[in-house]
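>>> Okay, sequence plus prediction incoming.
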Amino acid sequence: MFLPPTEDVHVSLQGPLPAAPTGAAAPAAHPDPCSHLLGNETAGDYRRLVTGGVARVADAVARAGRPFTGVSPDELAPRVGAIDLDRPLGDPAAALAELEEVYLRDAVYFHHPRYLAHLNCPVALPALLGEAVLSAVNSSLDTWDQSAGGTLMERHVIDWTAGRLRLGRAADGVFTSGGTQSNLQGLLLAREETCRVLRKNLPGPAPLAALLPQLRVLTSEDSHFSVRKSAKLLGLAPDSVIPVPSDGDRRMRPDLLAREIDRCSAADLTVMAVVATAGTTDFGAIDPLPAIAALCEDAGVWMHVDAAYGCGLLASPTRRHLLDGIERASSVTVDYHKSFFQPVSSSALLVRDGATLRHATYYADYLNPARSAERRIPNQVDKSLQTTRRFDALKMWLTLRIMGADAVGRLFDEVVDLAAAAWRLLDADPRFEVVTRPALSTLVFRCVPSGGEHTEADRRHTDLANLHAREALAASGEALVAGTVVDGRHHLKFTLLNPRTTLDDIRAVLDLLAAHAGDHATTRGAPGAATAVAGAAASPVR
């Protein structure tokens, strides 16, 4: 499939795109629609078609001089909306040219070193090879008779991950669509295990609806929003998720967790799960896992660790110890499509006791009848919330077989090192205020006025300056950064997942942000407008 582009498919990216003639008749339908289906007879067509697409994407990636064009929804929507999906072009070259116009030209390119916004990574080439293979073969991982070797390979990648987590010989897991689904399934298992124990201690039958109101989930105030979303989906009470305050490093405080466990017990509430985080989205903070595990073990509570971001430490040659204690978790979320440099989607839920996955099992006579389990036929649908499911494990498989885990770990170490160096820049720069030293590769900070913030009006102006700085930077397309709110105030955020990003890139983006914030303060007449952001563009970080 990865052959030089052929002239009959590849359309040059140079020059304007040909305009479709107004009112032109739709191309005649191909006499045989089967010619568009992959099969023995069309393997050559498939090779040429995909080669053309790969060539166009490679060109787009190679020529991307910035991470984004700055296009707005109002600008792009008319172009997309004008396309009549009932009038096929009939020609791959024309369709690819149209794709350039509505997607590739204005795409957000995560591989660019000045994309610093969200937890999106440049992707490993072996994983892209896997993506091409799995899409073409199109195995469905729900049952053995739809995937065969794919089932066993996914199980092997799960076993490898469980080994890295040190969960023990009884561990198991399944691939998912992402961290939100993994967290949902982890909490589903926690709910079912908790209710099973509660029913054992009750004098009579108790329906699930009668038990739900007393269930509680304890988690850091900085944990992912999917914890609250999962609780709602699982039928828990609106106040079922109790946030536990964090310390100065934005890590859950074990002393306050212990107090909350005791308070729930005194109020006849049942703690269904404690959700610890290994890499919070904003701060990259890793909760004190050993202390939390000890509290959960003493209280008999399910411990779920959301390691969607921090899971890259599993491959780190130097920082694996930061995940010490994770092996005591009941369940763990990992997102390979974050710190393992995999394409979306590639995620998994791991459990220390594989038997608990039975809570997701449902036998359907047409698909996975109970007799299949009795015959030990490996049907992954028995463990999954999904039925039809892609062979996403192939991307990790080929990454491990071609790059190796140590190479992946070194890449993650590089971005963590970069974040530490960037923190030193920010901490020394009077134009910015940084919230906390990073544990992983995120930095939360904000532009601050040189004269300080003495009134609520000053603080509001600073908030607006930071909001403007982010929006103006995005509109320019020169770089992309994220935004968040900390203690009620708007902040900016770097999420560093590209090992090709340099300190010079960081310096340049900081100068741009300071200039945009200063421009806003000047034009809005904020207090201390002329010097609203110290030095603005005149004091570059060095």
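Done, it's in.

>>> residue ranges of the strands in the chain, please?
Along the chain, the stretches classed as strands by DSSP state E are 115-116, 172-176, 215-220, 241-244, 270-277, 302-307, 331-335, 347-351, 432-434, 442-447, 480-486, 489-495.

>>> looking at those strands, which is buried most?
Looking across the strands of the chain with neighbours counted as mean count of other Cβ atoms under 10 Å, the highest average goes to strand 331-335: a mean of 31. All C-beta spots, glycine's among them, are computed from the backbone N, C-alpha and C.

>>> Please compute how far that strand lies from its chain's middle.
Mean C-alpha position of strand 331-335 versus that of the full chain (Cα atoms, centre = their mean, to the nearest Å) differs by 12 Å.

>>> and that strand, average pLDDT?
Here strand 331-335 scores 98 as its mean pLDDT.

>>> Now tell me what touches that strand from outside.
Applying Cβ atoms under 8 Å, 6 or more residues apart in numbering, the external contacts of strand 331-335 come out as 119, 161, 165, 167, 178-179, 182-183, 186, 189-190, 302-309, 311, 314, 326, 346-352, 356.

>>> just the angle between that strand and strand 172-176, please?
Using axes from the mean of the first three to the mean of the last three Cα atoms, to 10 degrees, the inter-axis angle of strand 331-335 relative to strand 172-176 is 40 degrees.

>>> just the angle between strand 331-335 and strand 302-307, please?
Going by the same axes, to 10 degrees, strand 331-335 makes 10 degrees with strand 302-307.

>>> what angle sits between strand 331-335 and strand 270-277?
Strand 331-335 and strand 270-277 are oriented at 30 degrees to each other (the same axes, to 10 degrees).

>>> May I have the strands that pair with strand 331-335, each with its orientation?
Within its sheet, strand 331-335 is paired with strand 302-307 (parallel), strand 347-351 (antiparallel), according to DSSP bridges.

>>> Please put the alpha-carbon coordinates of it into CSV.
Extracted C-alpha coordinates of strand 331-335, given in CSV (Å, rounded to 0.1, in the frame of the first residue of the first chain):
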residue,chain,number,x,y,z
SER,A,331,-9.1,-1.2,38.1
VAL,A,332,-7.0,1.1,35.9
THR,A,333,-7.7,3.3,32.9
VAL,A,334,-4.9,3.6,30.3
ASP,A,335,-5.0,5.7,27.2
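
>>> residues contacting the residue nearest to Leu233 when sequence neighbours are not counted?
The shortest distance from Leu233 to any non-neighbouring residue, by Cβ to Cβ, 6 or more residues apart in numbering, is to Leu184 (6.3 Å). Leu184 sits next to 226, 229-230, 233-234, 385 when contact means Cβ under 8 Å, 6+ apart.

>>> Mind checking which of the residues you listed are buried?
226, 230, 234, 385 (16 or more other Cβ atoms under 10 Å).

>>> I'd like to know which of those residues is nearest to Gly477.
Ser226 (30.3 Å; Cβ to Cβ).

>>> From Gln185, how far off is the closest one?
From Ser226 over to Gln185 the distance is 11 Å, taken as Cβ to Cβ, to the nearest Å.

>>> ditto for Gly235
15 Å.

>>> Local confidence estimate at the residue nearest to Leu233?
Model confidence at Leu184, given as pLDDT, is 98.

>>> now it: how far from Ala190?
11 Å.

>>> I figured Arg155 was touching Pro378, is that so?
Yes. Using Cβ atoms under 8 Å, Arg155 makes contact with Pro378 at a distance of 6.9 Å.

>>> quick one on the thing from earlier: take the contacts of Leu184 and write them to CSV, including distance to Glu131 and pLDDT.
Below are these laid out as CSV (distance: Cβ to Cβ, whole Å; pLDDT from 0 to 100):
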residue, distance to Glu131, pLDDT
Ser226, 25, 97
Lys229, 28, 97
Ser230, 28, 98
Leu233, 29, 97
Leu234, 32, 97
Leu385, 22, 96
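
>>> Among the residues you listed, which are located in helices?
226, 229-230, 233 (DSSP state H).

>>> and which of those residues is nearest Gly409?
Distances from Gly409 to the ones in helices among the contacts of Leu184, taken by Cβ to Cβ, are shortest for Ser226, at 26.0 Å.

>>> tell me the contacts of the closest one?
Counted by Cβ under 8 Å, 6+ apart, Ser226 has contacts 179-180, 183-184.

>>> now swap in Asp427 and tell me
Per Cβ under 8 Å, 6+ apart, neighbours of Asp427: Val434.

>>> Please report the distance of it from Asn466.
Separation of Asp427 from Asn466 (Cβ to Cβ) stands at 18 Å.

>>> on that earlier part again, quick check: the gap between the residue nearest to Leu233 and Val217.
Using Cβ to Cβ, we find Leu184 at a distance of 12 Å from Val217.

>>> Also Thr522?
Taking Cβ to Cβ as the measure, Thr522 falls 47 Å from Val217.

>>> got a list of what the residue nearest to Phe68 when sequence neighbours are not counted touches?
Once flanking residues are discounted, Phe68 sits nearest to Gly477: 4.6 Å by Cβ to Cβ, 6+ apart. When contacts are counted by Cβ under 8 Å, 6+ apart, Gly477 touches 66-70.

>>> Flag the shaky bits of the stretch 201-350 of the chain, pLDDT-wise.
By pLDDT under 70, the stretch 201-350 of the chain has no low-scoring segment.

>>> what's the burial count for Val80?
11 (other Cβ atoms under 10 Å).

>>> no wait, Arg196
11.

>>> from now on call the first residue 801
Taking 801 as the first residue, the last one we looked at is Arg996.

>>> And the pLDDT at it?
With respect to pLDDT, Arg996 scores 95.

>>> what's the neighbour count on Ser1145?
Other residues within reach of Ser1145, judged by other Cβ under 10 Å, total 17.

>>> isn't it right next to Gln981, touching?
No. Between Ser1145 and Gln981 no contact is recorded; they are 9.0 Å apart, counting by Cβ under 8 Å.

>>> Between the contacts of Leu984, which sits nearest Thr943?
Leu1185 (15.2 Å).

>>> circling back to that earlier point, any chance of the ones in helices among the contacts of Leu984 in TSV, with distance to Ala893 too?
Output for those, formatted as TSV (distance: Cβ to Cβ, whole Å):
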residue	distance to Ala893
Ser1026	42
Lys1029	43
Ser1030	46
Leu1033	45
